[in-house]
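K.L.:
generate a structure from the sequence data that follows.
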Amino acid sequence: MVYWLHNFIPQAVLIDLGLFKIYWYGLFVGLAILAGIGLLSFLTKGKPELRIHFGNLVVYLIIFGLLGARLYHILFYNLGYFISKPLEIFMLWHGGLAIHGAIISGLAAVYIYAKKHHLSWRLYADLLAIALPLGQAIGRWGNYFNQELYGKSCDFAWCIPIQNQAGYFQPVFLYEASLNLILFFILLGIYQIKKISAGYITFSYLIGYSAIRFFMEFLRLDASQTFGGLKWVQWLTIIIIIVSVVGVFKSLSKKTR
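P.N.:
Coordinates of the predicted model:
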C-alpha cells in the first residue's frame, strides 16, 4: 500500500459516461452510509424496539446529516466562494462535507426523535456514536480521491503526490481514517460492557474524535482562521472535549442501559 500511495495520483471521477459521472467521493460517502446502517442493524439484532425506531430514524439521520455537513462547510469554510457560485452548493460530489456539521445535526435529529417518541436519546446516540467513526474511516478515502485532505510536505515513503504540485505531502486522510477505525473498535469494545451508562459512549466518541481532529489540524493545510496560535476548529474541539468530560461524569451517575 505504501508504494501505491507514494506513486499513484488519484482522479475524482470513477466512471465518466459523458453527461453522467460517478465520483469516488460519492461512492465512499455511500459506502460509509451503508456500513453505518449495517452496523446499526447488527447492534440492534434481538432488540426489536431499537431496530424499529432506528429503521425510522436512519432516514432522518442521512438527510439531516448530509444537510448539516454541507451547511457547516458552506458557512465556516468558504462562504464567499459559495455566494459567488451558488449552484456549487448543490454539487456534493465535488466534496465539501464537514463532519462537525453532520455530528451536530445528527445528534439533534436523534434528540428530537427520541423526545417525540418518549425514548432515551442517550441510548440511541450511543449506537450512532459507534457507527460514526466507522463511516468516517471509510469516507476519508473520498477525500483522498478528491485530493482535498493532505498535509505539509514530507519525504517519507508513505507521503502522497498531489496533482500539479511538486513533491510529496502528508496523507492526513489516511491518518484520520486509521485513527477513526481504532476509535470505532474502542467504542465497540466499550459497548460490550453491559453495565455502562447510557450516554457514556457518545461523550467518549466526542472526546476521542475531538482529540484526533485537534492534532490532525497541525498537519492540515486548509486555510483557516487562527486565534492564540490555534485554528478555530481546534478551539472548538477543546470546548467539545471539556463539555464531553463533564458529560462522561454525569452519565456515570445515571442508571445503566
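K.L.:
for this protein, just list every one of the helices.
P.N.:
2-7, 24-43, 48-76, 79-84, 99-116, 121-146, 172-191, 200-216, 232-252 (DSSP state H).
K.L.:
list the residues that contact Gly135.
P.N.:
Residues counted as contacts of Gly135 (CB atoms under 8 Å, 6 or more residues apart in numbering) are 32-33, 35-36. Every C-beta, even on glycine, is put in place using the N, C-alpha and C of the backbone.
K.L.:
10 Å instead?
P.N.:
Gly135 makes contacts with 28-29, 31-37, 39, 65, 99, 102, 128, 180, 184, as judged by CB atoms under 10 Å, 6 or more residues apart in numbering.
K.L.:
still on that earlier bit, now the helices of the chain as JSON lines including distance to Ala166?
P.N.:
What follows is these, written out as JSON lines (distance: least, CB to CB, whole Å):
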{"stretch": "helix 2-7", "distance to Ala166": "15"}
{"stretch": "helix 24-43", "distance to Ala166": "24"}
{"stretch": "helix 48-76", "distance to Ala166": "28"}
{"stretch": "helix 79-84", "distance to Ala166": "25"}
{"stretch": "helix 99-116", "distance to Ala166": "30"}
{"stretch": "helix 121-146", "distance to Ala166": "19"}
{"stretch": "helix 172-191", "distance to Ala166": "18"}
{"stretch": "helix 200-216", "distance to Ala166": "23"}
{"stretch": "helix 232-252", "distance to Ala166": "28"}
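K.L.:
mark which of the contacts of Gly135 are buried, thanks.
P.N.:
28-29, 32-33, 35-37, 39, 65, 99, 102, 128, 180, 184 (16 or more other CB atoms under 10 Å).
K.L.:
dump those into JSON lines; add distance to Phe249 as well.
P.N.:
Formatted as JSON lines, those follow (distance: CB to CB, whole Å):
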{"residue": "Phe28", "distance to Phe249": "36"}
{"residue": "Val29", "distance to Phe249": "35"}
{"residue": "Ala32", "distance to Phe249": "31"}
{"residue": "Ile33", "distance to Phe249": "33"}
{"residue": "Ala35", "distance to Phe249": "31"}
{"residue": "Gly36", "distance to Phe249": "28"}
{"residue": "Ile37", "distance to Phe249": "32"}
{"residue": "Leu39", "distance to Phe249": "28"}
{"residue": "Gly65", "distance to Phe249": "28"}
{"residue": "Ile99", "distance to Phe249": "25"}
{"residue": "Ala102", "distance to Phe249": "26"}
{"residue": "Leu128", "distance to Phe249": "21"}
{"residue": "Asn180", "distance to Phe249": "25"}
{"residue": "Phe184", "distance to Phe249": "24"}
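K.L.:
low-confidence regions, the protein specifically.
P.N.:
1-3, 93-95, 194, 223-225, 253-257 (pLDDT under 70).
K.L.:
quick one: the closest residue to Gln136 other than its chain neighbours from Cys159, how far?
P.N.:
Spatial nearest neighbour of Gln136, excluding adjacent residues (CB to CB, 6 or more residues apart in numbering): Asn180 at 4.4 Å. Distance, Asn180 to Cys159, by CB to CB, to the nearest Å: 20 Å.
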